[in-house]
Structures are given as structure tokens and as C-alpha cells.
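1. Here is a sequence with its predicted model. Questions after.
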Amino acid sequence: MMEDATEIMRQQGVMETDRSNFESQWQDVAEHVLPRQADFSTGGYSRTQGMRRTTRIYDETAMLALDHGCAVFESYTMPRGARWQSLAPRDDALLNNRRVRQWYELKTSQLFALRSAASCGFAEQSHESVASLLAFGNQAITPELMRDNKGRYMGLYYRSEHIGQLYVRENAWGRIDTIHRKFTLTARQAEQKWGDKAPECVKRAMRDNKPEEKLEFLQVVRPRADHDETRADKRGKPIQSLYVSTRDKVIFDEGGYRVMPTIYSRFEKSPTETYGRGPVMNVMPAIRGTQEMAKDLITMVELAAKPPLLATDDMADQLIRYFAGGITYGGLDYDKNPMLKQLLDGADLAPAMALLDQSRAVIKRALWEDLFQVRQEQKTHVSATDVMERASEKGVLLSPLGRQETEWFDPMAAREIDLMWEMGLLDDMPPEVREAGGLFQLMYDNPLRRAQMADQAAGFFRTLEGATPLMQAKPALVDQFLTQYPFDKVLAGLARINGVPASWEADDDEKAASKEAMAQQGQTQQLLEAAPVVSKVATDLARLNGGAGVAA
């Protein structure tokens, strides 16, 4: 075991060297934009809790823009209170099985119930991960089971990881398959976590009455080389987990996972690099520039409000009262000329402010703050086509967020489903699903996906606008247009793109009842319209019959 631990620590050293250039950039980003995570220089550990972290910030534009960017990301990809992700069978044959579809819908409901539980922390932890993703281009989040003091399952909880503690490697397909997590615990915490399995350094600290001594550990999560799927123990799990005591240089705990427990994703990534880069990193020159310009403007305004003064040598022993309402005796000569003059004349701040505003605009655009202006700029005369085309443009601008479906949301759902299985929530799996291996696919119905589909609605409205003059010239073409594009299909498509809840849509029974009611109403109206005619015919027939009888 000692040789294995030594090799793991050697690999850790290589990974730390490979990531060193990123760490300096991430620290710079954090100090300017996300100071609460400015701990990269200490390996992701807080130097001293409560210390001041905003000493390098003179202009708060980038900090506020990051908050707005997080709001855009969350509202378009995982809006709170909505089911933006759904489970569905992977086998097309099962899609036609109503019982199977209902089971997948039930599991989707249970998944979102677990995510929305107040105790799980999904909302705040995912928000911290989004901030990390936009600021540094990397995020990591770990879903885990939550148990009570008796070991009973209470649901899930989520933990956003500081990426300064994580070191990753990719597989041959560019996906993260190995994660090293370097972290510290006090001896007391380590004993609570591992008990008798705790390494010697923990036991020694507790024997020496040093329960708050901080100790460093390394968790390695990687594919298991000796995986045997026929076994039920740790070797039967494809993901290996090792805990290493860096002080003792020994592996003291080993386990496994069925799926990767920590989900690591990148915002955008070069094919030649392992770690990602975020939109904030792309505009760091502008962010640094705003900080310097803000400092200069503060100095210029201070000099304008309280300029330095010039005085003659023989005034060195005089008291100059330099405050509002102050009187400086001797400030005038016998001819009433000022004895004091300003060192600097008033500076023109307009060019500096224009340059500062330009840099601020670049930062805001990088984090999509201009999307908040869309509805403010819309006029009453904007057509439906323009509205849909603007929504389509949003989908184009936000298309980089789609990467998170591959690297964040899909793997996170796989981990959550695995935990649901461990909790026993999948025991009611239908036989058809069990025979198919319990496979599932994820469908997305969020504002981002709808914005990307808005071009379809815009195309329909452009077609309608082009055909309208022809239909006005020849009204018979209206029926031909509706035959080509049935209103039911168009209405359903527009409702989906505009985000109308599916629960508002009538089901088959309600549609049938509505059609029957409309048919009955139509028959009643026809009878009412025909009643005068029928009455007149009946009267005429009666008169004719009566007249014939008299003649006879």
C-alpha cells in the first residue's frame, strides 16, 4: 500500500505542476470578480476566515455583472420551480407503452422533489457552481445521500466544490474520468468521518489531545483497473475511490461508486488543454482596466475637490486652514492678491468616463447583461416575427451554455438516479424497463432550448406574412394555407416555444368532450336558425291540408 500511495502522490505532484498556470489566472480573476473564492494561492483553503478580500476592487461592475450572468444562466438552463429536465425510455418501443411513460414521469417528479427540498441545498450550491463556471470556466458539484442519526435516508444534499482543491484528467474521448481532491480536516472531523479506519496521524493527534489540528488528505476517484462486474463488493463498482494521508503517505480507505460522484464541467475548452476558461477570463483585460481607471478617477475627483496648494517659502510657519468655512490669515498680500494658488487646474473627466463606460459595456456583454434590455427596448409596433427572431438571437448568444447538458446536467442526473436506486425509489420499475436494463435518456425543456427553437416560430410567421397579401387577394387560399399548416399543430408548437405549461393543455378526453359540445352547440344553432323556416313550412302545409279538406 505504501508504494501505491507514493505513486499517487507523485501523480498528484505532476497534476499540480500542469495546473499551476491556471491557478495564477484564477486567483487574479477571484480577487477582481469573485473574492469569496480567492483561495487558489493556498490550494483552495481559506487563509484566515473573515479576512478582507476586496482590497483590489475599486469598480464593482464586474462583480455585479457576474451576478447577472448567473441569473441568466440559471433562468435559461435550470429555472427554479420548473421541470427543465425529464427522464424518458431510451428504447423507442417503450415510448408507446403508456405505463412505462407514466413510470418515467413519476421518477422525474421524484427527482425534482428531491432537488427542491429545502434541506438539500440544490439552489444555493448550484448557484455557487454557476458563479465558479462563469468566473473560472470550471465548476464541480457533488450530490450525496443525506441520512439521519440512525442511518435512515432523508434525501439528497449537494456540495459545490472549490476547484482549487480539484485536479482532473481526461479520458481518450475528452471527458473527465479521474479527479484528485486535496482537502483538510481537523483530527476530530477525520475521526468522525472514518472512525477506526482513520490513519495514524489522526489517532496520534487525538492521543496528544490536539483534536483541532488540521491534517491534509487526498481523495482519488478514477476508473477501476480490476473491475469485475460479477462481484458485489467494491471491485464490482467501475469507479474506484481511494483516501490517502499525505502525512503518513499511506492509503487508509478504499471504496467505489457505480457512477462518478463529483460532476466536473468546463464552460469552454481548448482541445490542447484540460481545464476550461470562462467568459470572465476572456474580458480580464477590460476588468483590470476598469479598476485602474476607477482608481485614477477617484484621484482626479479628490484633487478637483481638494486641490494641492502652492505657497511662498516665508509662509512655512503659517497655519493654513483648508476646510469648509475655514479662514487662512495671511493668505492675501497687502494688494489683496492671493498668497496661495492651486498646483493643478481642473481636469476634464469626460474622456476618462467615456473610456470607462466603454470597458464596462464589454464586461456586461460578456455576461449577457444586455439580454435584460430586450423587453425595455421593445416597442408596441414590434411584430410577432420580430419577437421570435429576437428570441432566436438569444438562443444563438447563449449557445455555449448547451455544453453543460453534456458535462454537467446529464452526469449529475446519472448520479442522482443512482442514489435514488440506493434509496429504493426505483424498486417499482416496470418489468419492461428492467428487461431493457433500466436505461434512460434525458430530455430538456428549458428556456434555452425554447430560445434555440424560436427560429422555427419566426419562420412560420415570416411565411404567414408573405402569404397574407395573397390570401387577402384570394380568400380561398386561407383554407389551403390551413390545410398545409393545421392550426392544432401550429398552436401546440407555438405554445411549447413560448413556454406554456403542458399541464394547461387539454388531454384527449377533454378535447373529445369539447368537440362534442361544439358539435351539439352547432346542431342547436342550426335548429334555431331553421326553426322559423320549419314553422312556416308546417303552417303552409297545414293550410294546404285544411284547404283541401274544405274543397272535398
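-> Cool, the structure landed.
2. can you pull out the helices in the stretch 451-552 of the chain?
-> Counting by DSSP state H, counting those that start in this stretch, one finds helices in the stretch 451-552 of the chain at the ranges 477-484, 487-497, 508-551.
3. What residues sit buried inside the shortest one?
-> Meaning helix 477-484. Judged by neighbour count using 16 or more other CB atoms under 10 Å, helix 477-484 contains no buried positions. No exception for glycine: its C-beta is placed from N, CA and C like everyone else's.
4. quick one: contacts of that helix?
-> Contacts made with helix 477-484 from outside it, assessed by CB atoms under 8 Å, 6 or more residues apart in numbering, are listed as 464, 467, 470, 471.
5. Spatially, what comes nearest to the second one if we skip its sequence neighbours?
-> Okay, so that is residue 467. Computed as CB to CB, 6 or more residues apart in numbering, the closest residue to residue 467 that is not its neighbour in sequence is residue 481, at 5.8 Å.
6. could you check the distance from the one you found over to residue 342?
-> Using CB to CB, to the nearest Å, one gets 77 Å for the distance from residue 481 to residue 342.
7. next one: residue 274
-> 57 Å.
8. Please identify which of these two sits among more neighbours.
-> Ranked by neighbour count (other CB atoms under 10 Å), residue 274 and residue 342 place residue 274 first, with 18 against 13.
9. per-residue confidence at that one?
-> Confidence at residue 274, expressed as pLDDT, is 95.
10. Give me the three-state assignment for it.
-> Local secondary structure at residue 274 is given as coil here, using DSSP: H, G, I helix; E, B strand; the rest coil.
11. In this structure it contacts residue 167, no?
-> No. With the criterion set as CB atoms under 8 Å, residue 274 and residue 167 do not qualify as a contacting pair; they are 9.3 Å apart.
12. which parts of the helix or strand harbouring residue 222 are buried?
-> Taking DSSP states H and E as the criterion, the element that holds residue 222 is strand 214-223. Of all the residues in strand 214-223, those buried under the rule 16+ other CB under 10 Å are 215, 217, 218, 219, 220, 221, 222.
13. And for stretch 224-235?
-> Within stretch 224-235, the residues scored as buried using 16+ other CB under 10 Å are 224, 235.
14. Equivalent analysis for stretch 482-491, please.
-> Judged by neighbour count using 16+ other CB under 10 Å, stretch 482-491 contains no buried positions.
15. Let me know the average pLDDT across that stretch.
-> Averaging pLDDT along stretch 482-491 gives 82.
16. measure it end to end?
-> As for stretch 482-491, its first-to-last residue distance stands at 12 Å under the measure CA to CA, to the nearest Å.
17. ditto for stretch 470-488
-> 23 Å.
18. next SSE after the stretch of helix or strand residue 143 belongs to?
-> When secondary structure is defined using DSSP H and E, the element that contains residue 143 is strand 138-147. Counting by DSSP H and E, the next helix or strand C-terminal to strand 138-147 is strand 153-160.
19. Show me what that following strand is packed up against.
-> Counting by 3 or more CB pairs under 8 Å, 6 or more residues apart in numbering; DSSP states H and E, the packing neighbours recorded for strand 153-160 are helix 98-116, helix 122-136, strand 138-147, helix 410-423.
20. follow-up on the earlier one: which members of the contacts of helix 477-484 are the farthest-apart pair?
-> Maximum pairwise distance in these, criterion CB to CB, is 11.0 Å, between 464 and 470.
21. More neighbours: these two, which one.
-> The neighbour comparison of residue 464 against residue 470 (other CB under 10 Å) goes to residue 464, with 15 against 12.
22. the bottom helix or strand of the chain by mean pLDDT?
-> One helix or strand of the chain scores below all others by mean pLDDT, DSSP states H and E: helix 374-377, with a mean of 50.
23. which residues in the stretch 201-350 of the chain form strands?
-> Counting by DSSP state E, counting those that start in this stretch, the stretch 201-350 of the chain has these strands, from start to end: 214-223, 239-245, 250-257, 263-266, 309-310, 341-342.
24. quick one: which of the ones you listed is nearest residue 21?
-> Evaluated over those, closeness to residue 21 peaks at strand 263-266, with 15.8 Å, by CB to CB.
25. In the stretch 301-450 of the chain, where is pLDDT below threshold?
-> 346, 372-397 (pLDDT under 70).
26. Could you tell me the least trusted of the helices of the stretch 451-552 of the chain?
-> helix 508-551 has the lowest average pLDDT among the helices of the stretch 451-552 of the chain, namely a mean of 64.
27. All the helices of the stretch 201-350 of the chain, in order from the start?
-> 279-282, 284-305, 350-366.
28. mind listing what's buried in the longest one?
-> With burial defined by 16+ other CB under 10 Å, the residues of helix 284-305 counted as buried are 284, 286, 287, 289, 290, 291, 293, 294, 297, 300.
29. farthest-separated two in those residues?
-> Using CB to CB, the pair of these lying farthest apart is 284 and 300, separated by 24.3 Å.
30. on that earlier part again, so can I have a markdown table of the strands of the stretch 201-350 of the chain showing distance to residue 38?
-> Converted to a markdown table, the strands of the stretch 201-350 of the chain look like this (distance: least, CB to CB, whole Å):
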| stretch | distance to residue 38 |
| --- | --- |
| strand 214-223 | 20 |
| strand 239-245 | 27 |
| strand 250-257 | 31 |
| strand 263-266 | 21 |
| strand 309-310 | 40 |
| strand 341-342 | 40 |
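31. among these, which is nearest residue 443?
-> With respect to residue 443, and counting by CB to CB, the nearest of those is strand 263-266 at 19.0 Å.
32. Which neighbours in the sheet does the closest one have, and how are they oriented?
-> With DSSP bridges as the test, strand 263-266 is paired with strand 138-147 (antiparallel).
33. Let me know the angle separating the partner strand from helix 98-116.
-> If you take axes from the mean of the first three to the mean of the last three CA atoms, to 10 degrees, strand 138-147 sits at 100 degrees to helix 98-116.
34. just the angle between strand 138-147 and strand 153-160, please?
-> Counting by the same axes, to 10 degrees, strand 138-147 points 160 degrees away from the direction of strand 153-160.
35. List the contacts of strand 138-147.
-> Residues beyond strand 138-147 that count as contacts (CB under 8 Å, 6+ apart) turn out to be 119-120, 125-126, 129-130, 132-133, 153-161, 163, 166, 179, 261-267, 275-276, 278, 408, 412, 415-416, 419, 422-423.
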